[in-house]
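Enquirer: for reference, the sequence and a predicted model appear below.
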2 protein chains.
Amino acid sequence: MDKYFKALNDGTRREILEILRINPAAAGEIADRFNISKPSISHHLDILKQAELVTAKKKGQFVMYSINLPALDEVLQWFSLFKTEMNAEKPRIRIPLRV
Amino acid sequence: MDKYFKALNDGTRREILEILRINPAAAGEIADRFNISKPSISHHLDILKQAELVTAKKKGQFVMYSINLPALDEVLQWFSLFKTEMNAEKPRIRIPLRV
DNA sequence: AATATAGTTAGTTATTTGTATAATTATTAA
DNA sequence: TTAATAATTATACAAATAACTAACTATATT
């Protein structure tokens, strides 16, 4: 869990994830979206990769980065511990909205 | 969102939240659970309070800390952006397990 | 009033982190 | 094979962070 939170504790890295959520992208494309040097972005991508929040695959001279949704889902599960629903008293029965 | 992730980027603070999830507790009770000095825990509590992840209320000579679930829910919502479900192709219909 | 208990604030230190520039590797194009 | 493009690695440095001890404030007890 620690590696995830470490990686997520940076606005630039969270933005990168939001970008990759839509589509995979090359390192340079990602860097172009920020006013930060390319080596810095490369470093951010490395941290995300080490945390397994993204994957990287070389395509010719490009390196394509993709999001790793299952990892993000693991973090989401940690937060589920605190779901208000779980701690509420009343509603024991949930009526489905649609079938 | 930044203040949340900053506060959550520490194992001790996440453990404190897990403790407070069960019950409110005084600063000292919390400190007793860790091999860390009381001033350090006090500082962690302050960071959690500043991030609005916990609330503090003085009761006599004690300070009782409680979890702030709605704030944690906000973070959970950020993660929901990445819910696999949202990006998956297949399951459009969910069958409720029980009514 | 004096002492004990609970907690925070102040000040210090070692470590980690985000950024930059410069140099390097790898692939593609002339 | 030389030059251009994409990306990473190396190095340096300022700022942020987590920990400690010591000192302080506030409440409770004797």
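Expert: Received it, and whenever you're ready, just let me know what you need. Numbering: from 1, shown residues only, chains lettered A, B, ... in the order given.
Enquirer: which residues in chain A form helices?
Expert: A:2-8, A:11-22, A:27-32, A:38-50, A:69-80, A:84-87 (DSSP state H).
Enquirer: for residue B:41, find the nearest of these.
Expert: Across the helices of chain A, residue B:41 has its closest neighbour in helix A:2-8 (18.7 Å, CB to CB). Glycine gets a C-beta too; all of them are placed from N, C-alpha and C.
Enquirer: how far is the closest one from where the chain is centred?
Expert: In this view, helix A:2-8 has its centroid 10 Å away from the chain centroid, taken as CA atoms, centre = their mean, to the nearest Å.
Enquirer: give me the residue from chain A nearest DNA strand C.
Expert: Closest contact between chain A and DNA strand C, by CB to the nearest atom of the strand, is at residue A:60 (2.7 Å).
Enquirer: give me phi/psi at that residue?
Expert: Dihedral pair for residue A:60: phi 60, psi -130, per degrees, to the nearest 10.
Enquirer: and for it, the neighbour number?
Expert: The tally of other residues near residue A:60 (other CB atoms under 10 Å in any protein chain shown) stands at 7.
Enquirer: residue A:79 too?
Expert: Neighbours of residue A:79 under the rule other CB under 10 Å: 17.
Enquirer: cool, residue A:57 as well?
Expert: Neighbours around residue A:57, by other CB under 10 Å: 10.
Enquirer: kindly report the same for residue A:67.
Expert: The burial count for residue A:67: 23, using other CB under 10 Å.
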